[in-house]
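Asks: The sequence isn't on hand, but the structure is:
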């Protein structure tokens, strides 16, 4: 066998495992690994401006397409701790990602050496495995195990920490003799799934709740096939949005306290049976469990056995990969259909569709400053079904989820559980790497945008074009709205008179100047009638210059977005749609 440095073996393994997209920052403690990447030539590297940004780029790349595993690379100490937020975001949403850190030499680990930190212990709570590799001979096996873990069961990230001397050590290694380990995924059997179908077909008003596990399994087509075979409405979760296209007859809307549709909540509250597939019963989806579970039976199918019963005990729990379960459910449902054993749910489907034509929020506002609802209306008009949206947290994300339309799996990419501010821009760059040539549109409030705005320079340097819609109300809008319950408004305003940019009219940071200074293009919109032209111009600019283009929309400073405390207790702060002209881009034309 050939003798080589451990880092050369590790890079060869990455290439063989198909992990060939890296984001990171070189430095003294990780330079041997970078030299191995240079020598191999099989891994493309994107230089980030901040290691947290690199971790979000790798996360976004992993989310962009089935099978992707993004790599984040950094030096020792601070680079590792900077990755923790990225690890948390990917861990919380079951996203595979490999973080690789350089470390002080093994003999110095207990001596408080410069930038040496116990990153293994720090990262363990937010990874499937975190390991400081102390023996050179363990390097190939550690990487092999990392890939198996990332792909097995509930997906998630791994961190491997490489001391400098371990990186430089030589070992015997033959890449031709290396084989990836098979991933382990539980699969439901026919007995379990027939029981689930028995329960569903015994109900009068069943629903399928489609979670992000379906997208992770690449099984959205099977989900749609099952729904069509049974003729049962589907409620996607925020992480499962896109498993069934928004314009599909059986898409009944999202449910929840924030990112929900009025018709979705109304349909759910009339249901008497729910089968959840690849979902977590997140609290922003369920609201209070007494109301959520009242009067209905539940089946829960999840790849992670300990997830079943974590939030509430279902009537039937099945540990299974979503793809395997759906494939068998489709087969069994088709057998029952051929035998004439399916229940007719036409009236139930029609009722859910009728709600989509009645229970809508108004979007067609002409106010100046602009109301956010109008922004999403114009986005629906400007961006087609092929668009991939990227967002993370805040009123922008909540209102966007209420009013935008998504037409396929991995076309809504969102840090759902962690919701870290600043995630959107770097994640969008990772998505562009994972979806070259496709239309990517990011959505941020001004605070999320400012958190990691420096990463736009990465898009300029590496020609990663996407459109970033920034809705600027110069507020921490979601926090301000949540402070209403405390009858206060404390430390949430971002407004100030910018002495260098009086044209910002008290909105503070001049995003246009900052964006242009980072090598990108920017458009500021202050009138709602100019939004369509601005989005059209943004499309032309990304085509011409191949850099990120920011469309900043100056909003009214205070808008409260629909949300509440229970599924039947959401506050609608704005006018509701009463006629078709009130919501002209609604997925179903309003029934006047």
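Replies: Cool, the structure landed. Computed from a predicted model, the values in this text were never measured in an experiment.
Asks: Identify each of the strands in the stretch 1-150 of the chain and give its residue range.
Replies: Taking DSSP state E, counting those that start in this stretch as the test, the strands found in the stretch 1-150 of the chain are 2-5, 21-24, 44-47, 70-74, 97-103, 129-132.
Asks: Between the ones you listed, which has the poorest mean confidence score?
Replies: Ranked by mean pLDDT, the strands of the stretch 1-150 of the chain bottom out at strand 2-5, which scores a mean of 92.
Asks: Tell me which other helices or strands that strand touches.
Replies: Judged by 3 or more Cβ pairs under 8 Å, 6 or more residues apart in numbering; DSSP states H and E, strand 2-5 is in contact with strand 170-173. Where you see a C-beta, it was placed from the backbone N, CA and C, and this is true even at glycine.
Asks: Identify all contacting residues around the strand it packs on.
Replies: Strand 170-173 has contacts (Cβ atoms under 8 Å, 6 or more residues apart in numbering) with 1-6, 8-9, 12, 136-137, 139-140.
Asks: Next: stretch 101-111.
Replies: Residues contacting stretch 101-111 (Cβ under 8 Å, 6+ apart): 27-33, 73-76, 79-80, 83, 113-116, 118-119, 132, 134, 159-167.
Asks: just stretch 427-442 next, same as before
Replies: So stretch 427-442 is contacted by 21, 23, 44, 46, 56-65, 68, 70, 379, 383-384, 386-392, 413, 415, 424-425, 455, 458-459, 464-469, 548 (Cβ under 8 Å, 6+ apart).
Asks: one step back: with distance to residue 493 as new columns, can the strands of the stretch 1-150 of the chain be given to me in JSON lines?
Replies: Shown next, in JSON lines, are these (distance: least, Cβ to Cβ, whole Å):
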{"stretch": "strand 2-5", "distance to residue 493": "54"}
{"stretch": "strand 21-24", "distance to residue 493": "34"}
{"stretch": "strand 44-47", "distance to residue 493": "35"}
{"stretch": "strand 70-74", "distance to residue 493": "34"}
{"stretch": "strand 97-103", "distance to residue 493": "35"}
{"stretch": "strand 129-132", "distance to residue 493": "39"}
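Asks: now the helix or strand bottoming out on mean pLDDT in the chain, how far from the chain's geometric center?
Replies: The weakest-scoring helix or strand in the chain, judged by mean pLDDT, DSSP states H and E, is helix 477-482 (a mean of 77). Helix 477-482 has its C-alpha centroid displaced from the chain centroid by 22 Å (Cα atoms, centre = their mean, to the nearest Å).
Asks: contacting residues around that helix?
Replies: For helix 477-482, the surrounding residues in contact (Cβ under 8 Å, 6+ apart) are 393-396, 398, 445, 489, 492-493, 558-561, 563.
Asks: Which is the succeeding secondary structure element to that helix?
Replies: Sequence order places helix 511-517 as the next helix or strand after helix 477-482, per DSSP states H and E.
Asks: in that following helix, what's buried?
Replies: The neighbour-count check on helix 511-517 (16 or more other Cβ atoms under 10 Å) flags 511, 512, 514, 515 as buried.
Asks: same check, this time on stretch 179-192
Replies: Neighbour-count burial for stretch 179-192, counted by 16+ other Cβ under 10 Å, picks out 185, 186, 188, 192.
Asks: What of stretch 151-167?
Replies: 151-167.
Asks: now do stretch 170-180
Replies: Those would be 171, 173, 175, for stretch 170-180 by 16+ other Cβ under 10 Å.
Asks: same deal with stretch 343-360?
Replies: Under the neighbour-count criterion of 16+ other Cβ under 10 Å, stretch 343-360 has 345, 348, 349, 351, 352, 353, 355, 356, 357, 358, 359, 360 buried.
Asks: What separation do you get for the residue nearest the centre of the chain and residue 92?
Replies: By Cα atoms, centre = their mean, the chain has its centre lying nearest to residue 414, at 2.6 Å. Counting by Cβ to Cβ, to the nearest Å, the gap between residue 414 and residue 92 amounts to 11 Å.
Asks: strands paired with the strand or helix carrying residue 523, and their directions?
Replies: According to DSSP H and E, residue 523 maps onto strand 521-525. Strand 521-525 has the following strand partners under DSSP bridges: strand 549-554 (parallel).
Asks: For the strand it pairs with, which outside residues touch it?
Replies: With Cβ under 8 Å, 6+ apart, strand 549-554 has contacts from 369-370, 375, 456, 465-472, 507, 511-512, 515, 520-526, 531, 534-535, 538, 541-542.
Asks: buried residues in it?
Replies: With burial defined by 16+ other Cβ under 10 Å, the residues of strand 549-554 counted as buried are 549, 550, 551, 552, 553, 554.
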